[in-house]
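*Asks:* kindly return the folded structure for what I paste below:
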Amino acid sequence: MTIRKMHTKDCEGMILGHDLSTIAPREYQGPLFKKGHVICAEDIPYLQKIAKDRIYLVDLLPGQIHENDAITHIAQAVAGENVILTEPLKGRINIKAKIDGLLKVNRQAITAINTVENTVVSTRQDNIIVKRGELLAGIKVVPLVVDKTVVLSVENIADRYNGIISVKPLRNLKVGAIITGNEVYYGRLKDQYAPIFAEKVASYGATLMDISFQPDDRNRIRDAIMNYKKNGIDIIIATGGMSVDPEDVTPDAIRATGAQIITYGTPVLPGDMFMLAYHGDTVILGMPGCGMYAKTTIFDLVFPRLLAGEWLSKLDFASMGYGGLCLQCENCTYPVCPFGK
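*Replies:* Below is the predicted model:
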């Protein structure tokens, strides 16, 4: 790359090799002329007025590529489904959400790409709910001009992955809840779980079809689960009775359905007594009592991923231990906090 400095008055007909920015206090900050603009006679007095007495023109050498072209190729390489790319501005392209949904970021791929010299791919965390138009990532290269091999290296890495940055839509699944416990079933205590749970499910765009109350009876809880499955409920959540106390029979009831148990217990607090099982295409959750008093729990880490169509494994839960400690802040700001990150 060579850079030529020319008097503005002599630049008519020249092509800008980079964005030419200006700042008007409290009014505007951004490109006055973009890369590739051909300077015409009418531009010269205005450029001189804003103190652009000299203009730097960039001449690319063979095998080099301008930053705007480089970041365009890099952004296209990492962009997956349901995202949009902005136009280059100040040497940066942003990736934004095209729809509401679950953000998916392949951390391994991002790490590999950022080992390529002069490449900058900065993202938000994986597995968080995002809204349409929200910023997901920023793409830059460090210098004004990079070698084409930089882009080729990034593209080669991206070819090994599928949709490095993408957004999965959340499905409006049918949910059935089973509130367990003799004290509620027999009217000794007023239930407080159902309204909290209904609000939580609705906040993620799912539909709560029914709430059933059952005593601490393994067979009755099992039958309630199977009845929901028979009636086409997508996600069945049995709440309460999840501890290891002899009277807590909900885990045994879930096992008695013949479902495949993925995990009973997680390295997430609150939510360590959580259970996930699959009965064919039906998801069964055993939700401990923490959901009744804690604003954010294991439920918030798992439920959106289920709505996005993901099937979780034991390894998925094991990885949740890192960042899985909720600090129970007085003013909860989840997901803008370390929990689940």
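*Asks:* for Ala77, what are its contacts?
*Replies:* Listed by C-beta atoms under 8 Å, 6 or more residues apart in numbering, the contact partners of Ala77 are 154-155, 158, 164. From N, CA and C alone the C-beta is placed, and that goes for glycine too.
*Asks:* can you do 7 Å?
*Replies:* 154-155, 158 (C-beta atoms under 7 Å, 6 or more residues apart in numbering).
*Asks:* centre-most residue in this structure?
*Replies:* Leu103 (2.3 Å; C-alpha atoms, centre = their mean).
*Asks:* surely it is in a strand?
*Replies:* Yes: assessed with DSSP: H, G, I helix; E, B strand; the rest coil, Leu103 lies in a strand.
*Asks:* leaving out the residues flanking it, which one is nearest to it?
*Replies:* The spatially closest residue to Leu103, leaving aside those adjacent along the chain, is Val130, at 4.8 Å (C-beta to C-beta, 6 or more residues apart in numbering).
*Asks:* how many neighbours does that neighbour have?
*Replies:* Neighbour count for Val130, taken as other C-beta atoms under 10 Å: 20.
*Asks:* roughly how far apart are it and Gln328?
*Replies:* Here Val130 is placed at a distance of 25 Å from Gln328 (C-beta to C-beta, to the nearest Å).
*Asks:* ok, now Pro270?
*Replies:* 8 Å.
*Asks:* these two: which has the busier surroundings?
*Replies:* Neighbour tally, Pro270 and Gln328, criterion other C-beta under 10 Å: the higher count belongs to Pro270, 21 against 13.
*Asks:* ok, the more buried one - contacts?
*Replies:* Residues near Pro270 by C-beta under 7 Å, 6+ apart: 290, 294, 297, 326.
*Asks:* domain assignment for this structure?
*Replies:* Here the domain parsing of the chain from automatic domain parsing is 2-59, 64-168, 174-319.
*Asks:* tell me the mean pLDDT for the second one?
*Replies:* Taken as a whole, domain 64-168 carries a mean pLDDT of 96.
*Asks:* quick one: end-to-end distance for that domain.
*Replies:* Counting by C-alpha to C-alpha, to the nearest Å, you get 36 Å between the two ends of domain 64-168.
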